[in-house]
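Undergrad: only the shape, not the letters, is given here:
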C-alpha cells in the first residue's frame, strides 16, 4: 500500500487545524502535538501541518514563501462539481482565498484554494469515463473533438 504524506509549514498550527477540518479533514491525534498535526483526507492521503520551527528540523533549505513562490501543485479529487464548490466555499469561509476562475473543461472541473498561510491546493472533479478513456477519446465520443 502506498500513502501520501504532504508536509506543509504553518504560522499558526491551531488556525490550520481549524481550517483543514472545516474542509473535511479529520485529525489523527496519535500524530498531533504542539509541533504538528496529522490531517487525514482519506485512508491514504495525509497532510502533516508543521510549525515553521518544527518543519525546519527536516530540511536545511530555506523556506519558500508560499504566498509568493510555488514549489509544488497539489490536486485533490472530489466526487462532483458541487463537492468541489462546497470545499472551496468552506475554505473561503474559514480564511482561505479562491484565486482565479474555475477551470471547466466539461469532462473536468477544477478550482484553486489558498489557505491562510499561502499554501495552495487545487480541488477537482473528473468524469469517470474521461478518466478511464483519456480526455481526447472521451471528447471524441461526445462529439466535441
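TA: Perfect, thanks for sending it. If you're wondering where the values come from, they're calculated on a predicted model, not measured in any experiment. Numbering: from 1, shown residues only.
Undergrad: for the residue most central in space within the chain, give me its contacts.
TA: Centroid-nearest residue in the chain: residue 121, 3.5 Å away (criterion: CA atoms, centre = their mean). Going by CB atoms under 8 Å, 6 or more residues apart in numbering, residue 121 touches 74-76, 112-115. C-beta: built from backbone N, CA, C; applies to glycine.
Undergrad: of the residues you listed, closest to residue 52?
TA: residue 115 (14.0 Å; CB to CB).
Undergrad: one step back: and the contacts of residue 121, which two are furthest apart?
TA: 75 and 115 (14.8 Å).
Undergrad: of these two, who's got more company?
TA: residue 115 (23 against 10; other CB atoms under 10 Å).
Undergrad: nearest spatial neighbour of the more buried one, skipping sequence neighbours?
TA: Computed as CB to CB, 6 or more residues apart in numbering, the closest residue to residue 115 that is not its neighbour in sequence is residue 96, at 5.2 Å.
Undergrad: how many neighbours does that neighbour have?
TA: Neighbours around residue 96, by other CB under 10 Å: 26.
Undergrad: swap in the one 5 residues further on?
TA: By the measure other CB under 10 Å, the count of residues near residue 101 is 8.
Undergrad: list the contacts of it.
TA: With CB under 8 Å, 6+ apart, residue 101 has no contacts at all.
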